[in-house]
Structures are given as structure tokens and as C-alpha cells.
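A.B. asks: Here's a sequence, model it:
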Amino acid sequence: MLAVPLDGGGAVLGALEPWQAEEFLAHMDRGREFIGGYIGFPDAVTDVDSARRVLEDYAGKAAADTGRIYGIRDGGTLVGGVLFRTMDAGQGVAEAGCWLEPAATGRGLVTRAVRVIIDWVFRERGFHRVEWRCASGNRASIAVAERLGMTRDGVLRQSHLLRGHRQDIEVWSVLAPEWEERRGG
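C.D. replies: This next block holds a predicted model:
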């Protein structure tokens, strides 16, 4: 399996595929309430079959070139992930996202993992824009967007229904020329 080191302590970014459904479910079980405060994965992943379906959906997106999903593992244990929720190759626009269980927070793993996938989509795929959408109350996700040098484009007021509550969604973005300038060409 291919894996990209994220730190000097054994954290790596790598594949997250349907055959890893049991591992994905165990990870969601460890972080269900924490992760579910802002994204819907924990509500969609309730047993091995539903975990497999979510990962199969992303395998289908990868095959259709409309999305990707990657796992963050620390010491061999799945602790989070990053993804391109959507990818539009014709427009050159992708939406990146993340999640992490509580035990893995505060180490910069998500920021480093998102840098890897943004580098890939800009440099290898030639995309022009990466978006980052997160609930206005999700300070950790907003901090990632800021650390990545993204620009806050605006707020979609009460645009996302999660667990019966409407959330304001902030839209952040970075353009390929900005990214290359910040990354040193």
C-alpha cells in the first residue's frame, strides 16, 4: 500500500477502500459524537455494511474522477481522513474536507494531509480551485483553512441540516496560482 508520511511519529496518509470497512466502522465508533458534531459520516456509518457502502461510493467517485477519500493512520490505526467530496475536472474545481477522532487532534495531521491532496490536485491534475466548506461553529476546521492560506469567500446561511439543526456553512478557497506562490513554486 502506498502511504505518505505526515510526521516523524508514524502518522501516514493512505488509501481508504471498501475492504477496510470494519476498520472504518471501528474508527467512527471511537469518534462518533465528536465527528458527528459537524459532518454526517457517523450517522451514515452504523454497521459494516453501511461503512462498506460509504467507501464503495467513494471508490465509485474515484473511478468516475468525481471524488477521492484517504485515511490518516497513526501507528497503524485509522484516526481520521481527508477527501475530495467533489471534483469537477471540467471546471477544475474540487471541494476538500476532513474529519478526525478526538485522540488525534492538535497535532497538525489534518493540515499536513490536506496539503498533500491539494498539492496533488493542483500539480498533478491541473485543477484551478480548491474549496473548503465547514460549519461556522467548527473553529478547528476554520483554523485548518486559515493555516492553508485559504480565503474566506462567504457564508451560506442556514444551508446545511445536520441532526435536525441548521448550520451556517463558511466557504473558503485557494486558487492554484496562490497555492504555488505560497509553496514556493
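
A.B. asks: Give me the neighbour count for Gly90.
C.D. replies: Each residue near Gly90 was counted by other C-beta atoms under 10 Å, and the total is 5. For glycine as for every other residue, the C-beta is placed from the backbone atoms N, C-alpha and C.

A.B. asks: which is the next helix or strand following the helix or strand bottoming out on mean pLDDT in the chain?
C.D. replies: When each helix and strand of the chain is scored by mean pLDDT, DSSP states H and E, strand 151-162 comes last, with a mean of 88. As assigned by DSSP states H and E, the chain's next helix or strand after strand 151-162 is strand 165-175.

A.B. asks: if we can go back for a sec, helices and strands around the least confident helix or strand of the chain, which ones?
C.D. replies: Here strand 151-162 touches strand 129-135, strand 165-175, going by 3 or more C-beta pairs under 8 Å, 6 or more residues apart in numbering; DSSP states H and E.

A.B. asks: so can I have CSV of those showing mean pLDDT and mean neighbour count?
C.D. replies: Converted to CSV, the helices and strands packed on strand 151-162 look like this (pLDDT from 0 to 100; neighbours: other C-beta atoms under 10 Å):
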stretch, mean pLDDT, mean neighbour count
strand 129-135, 97, 21
strand 165-175, 94, 17
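
A.B. asks: Ok, which of those comes nearest Pro18?
C.D. replies: Taking C-beta to C-beta, strand 129-135 is the member of these nearest to Pro18, at 25.3 Å.

A.B. asks: okay, the angle between the least confident helix or strand of the chain and strand 165-175?
C.D. replies: With axes from the mean of the first three to the mean of the last three C-alpha atoms, to 10 degrees applied, the angle from strand 151-162 to strand 165-175 works out at 150 degrees.

A.B. asks: Which strands border strand 151-162, and is each parallel or antiparallel?
C.D. replies: Partner strands and pairing direction for strand 151-162 (DSSP bridges) are strand 165-175 (antiparallel).

A.B. asks: who touches the partner strand?
C.D. replies: Around strand 165-175, the neighbours that count as contacts under C-beta atoms under 8 Å, 6 or more residues apart in numbering are 38, 118, 128-137, 142, 145, 148-161.
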